[in-house]
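S.K.: can you look at this prediction? I've put the sequence above it.
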Amino acid sequence: MSKFGDLIDIKIPVLLDFYTERDACAKSMHLTLKNVAASLEGKVRIIKIDIDKNQLLREALSIKNVPTLMLYKHGVMKWRQSGAQDGNTLIKIIKEYF
């Protein structure tokens, strides 16, 4: 996997979805995020990160609940929220950072 900084330090917004396969709520976000990506047609990069496979990153970012969503722009965190979010809300938030 690439270095974390390389993943988030790009021109378009990057939405990180921290999840675990054990959590039904986190799993349900996958379809929502797929629809968000389709709606924004390449204007956002969405990266799903399994916290069970990325324990060091989980600890470094203090991920305590899943799903946890983080939005970065040019390597700077702009927004963070734990819990499921609906697609329209996510689209509105992401569009603020185009």
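M.R.: Cool, got the structure. Keep in mind it's a predicted model, so treat the numbers as computed, not measured.
S.K.: for the rest of this, base every contact and every neighbour count on C-alpha atoms.
M.R.: OK.
S.K.: may I see the buried residues of the longest helix anywhere in the chain?
M.R.: Secondary structure of the chain per DSSP state H: the longest helix is helix 24-40. Residues of helix 24-40 classed as buried: 26-27, 29, 32-33, 36-37 (neighbour count, 16 or more other CA atoms under 10 Å).
S.K.: helices and strands around it, which ones?
M.R.: The helices and strands touching helix 24-40, judged by 3 or more CA pairs under 8 Å, 6 or more residues apart in numbering; DSSP states H and E, are strand 45-50, helix 87-95.
S.K.: can you tell me how far residue 79 is from residue 44?
M.R.: Distance, residue 79 to residue 44, using CA to CA, to the nearest Å: 14 Å.
S.K.: which one's more surrounded, these two?
M.R.: A direct count of neighbours by other CA atoms under 10 Å for residue 79 and residue 44 places residue 44 higher, at 23 against 13.
S.K.: what helix or strand is the residue nearest the centre of the chain on?
M.R.: With distances taken as CA atoms, centre = their mean, the chain has residue 16 as the residue nearest its mean C-alpha position (1.9 Å). Assigned by DSSP states H and E, residue 16 belongs to strand 14-19.
S.K.: sketch out the low-pLDDT regions of the protein for me.
M.R.: Filtered on pLDDT under 70, the chain yields the residue ranges 1-2.
S.K.: if you set the cut-off to 90 instead, what comes out?
M.R.: Within the chain, the segments meeting pLDDT under 90 span 1-4, 7, 23-28, 97-98.
S.K.: re the thing from before, mutual contacts of residue 79 and residue 44, please.
M.R.: Common neighbours of residue 79 and residue 44 (criterion: CA atoms under 8 Å, 6 or more residues apart in numbering): none identified.
S.K.: isn't residue 44 up against residue 10?
M.R.: No - applying CA atoms under 8 Å, one finds residue 44 not in contact with residue 10, separated by 10.1 Å.
S.K.: follow-up on the earlier one: okay, and the beta partners of the residue nearest to the centre of the chain?
M.R.: residue 47, residue 70 (DSSP bridges).
S.K.: show me what contacts it?
M.R.: Here residue 16 is in contact with 46-49, 69-71 (criterion: CA under 8 Å, 6+ apart).
S.K.: 6 Å instead?
M.R.: Listed by CA atoms under 6 Å, 6 or more residues apart in numbering, the contact set of residue 16 reads 46-48, 69-70.
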